[in-house]
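>>> My questions concern the predicted model and sequence given below.
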Amino acid sequence: MQNAAEKKQFDCIVVGGGAFGLAAISAMADLGITKSILLEKKKQLGSALQKSGESILLSGKAFTGEGLLKQFHTLLKIYAVQSAVGKEVLSFTYREKEDYPYQVEVKNTESGAVSCLYGKILLLSFAKKEAPLSSGMALPKERKGSLYLADQTQSIREALEAGGKIGRQIGEKLLSQKNKFHS
C-alpha cells in the first residue's frame, strides 16, 4: 500500500481540464501512462465541450461536444486516470535533482484546503485568457523537456488534435524513460 506522499506523485500533471487537457491525458493513457492527474479549476471537466454546438469530426467520426466529453470520461474511468475538479493552482515550483521535480500547490475551491502534488512532467493546457499566470504566478523553467505548454488554438477540434499530439509525445517520452530504467 502506498503512503499519502507517494499517492501525490505523478508521471504527468496536466493543468486544465478542457479539450486540450482531456485529449492529452487520454492519449497518454492510450500509451499506458496512467499515473497522471488532470486538474481543473471549475467544477466540471470540458465545460467548452459541453456548451459546444459544433459537430466535431475526429478520426472520420462526427461527435457532439457532449458526446465527446462522455467518451473522455469513459476513457479516464477505464484507464483509472485521476482527475480533480475544483482545484485551483496556486504555484508551480521546479526542484532540481528530484525524481518528481515539479511541485504544484493546489487549493480546493470549496474547502480552501491547500495541498501539493509532485510530477515528472508538467503540462499547462489552459486557455491563455484563463491562465493563472496572470495573477503574478511565475512559470517554472523548463528542464530537460519536462515542461509543456498548450498551443493557442482557435477551435475545439484544433485543441483536441493538438492535445492528442502533445499527449502522445509526453507518453512516448515517459515510456522511453521507463524502458531505460528497466533495461
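Sure, I can see it. Residues are numbered from 1 along each chain as shown.
>>> Gly112 versus Glu88, what's the distance?
Distance, Glu88 to Gly112, using C-beta to C-beta, to the nearest Å: 10 Å. Bear in mind the C-beta positions are built from the backbone N, C-alpha and C, glycine included.
>>> repeat for Arg157
Taken as C-beta to C-beta, the span from Arg157 to Gly112 is 37 Å.
>>> Between these two, which is the more surrounded one?
When neighbours are counted by other C-beta atoms under 10 Å, Arg157 and Gly112 differ, and Arg157 comes out ahead with 17 against 8.
>>> Work out for me the element that one sits within.
helix 156-182 (DSSP states H and E).
>>> now Lys107
Per DSSP H and E: strand 102-108 holds Lys107.
>>> what does Ala27 give?
Secondary structure from DSSP H and E places Ala27 in helix 19-30.
>>> what's next to that helix, contact-wise?
Contacts with helix 19-30, where a contact means C-beta atoms under 8 Å, 6 or more residues apart in numbering, come from 11-12, 14-15, 34, 36, 38, 40, 45-46, 48-49, 69, 72, 75-76, 79, 81, 83, 123, 125-126, 150-151, 153, 156, 159-168, 170-171, 174.
>>> Dihedrals phi and psi, the nearest residue to Leu38 once chain neighbours are set aside?
Excluding its sequence neighbours, the residue lying closest to Leu38 (C-beta to C-beta, 6 or more residues apart in numbering) is Ser83, at 4.2 Å. The phi and psi torsions at Ser83 (degrees, to the nearest 10) take the values phi -140, psi 150.
>>> wait, Ser83 sits on Gln44?
No. Counting by C-beta atoms under 8 Å, Ser83 sits too far from Gln44 to count as a contact (10.0 Å).
>>> any residues in contact with both of those two?
Applying C-beta under 8 Å, 6+ apart, one finds that Ser83 and Gln44 are jointly contacted by Gly17.
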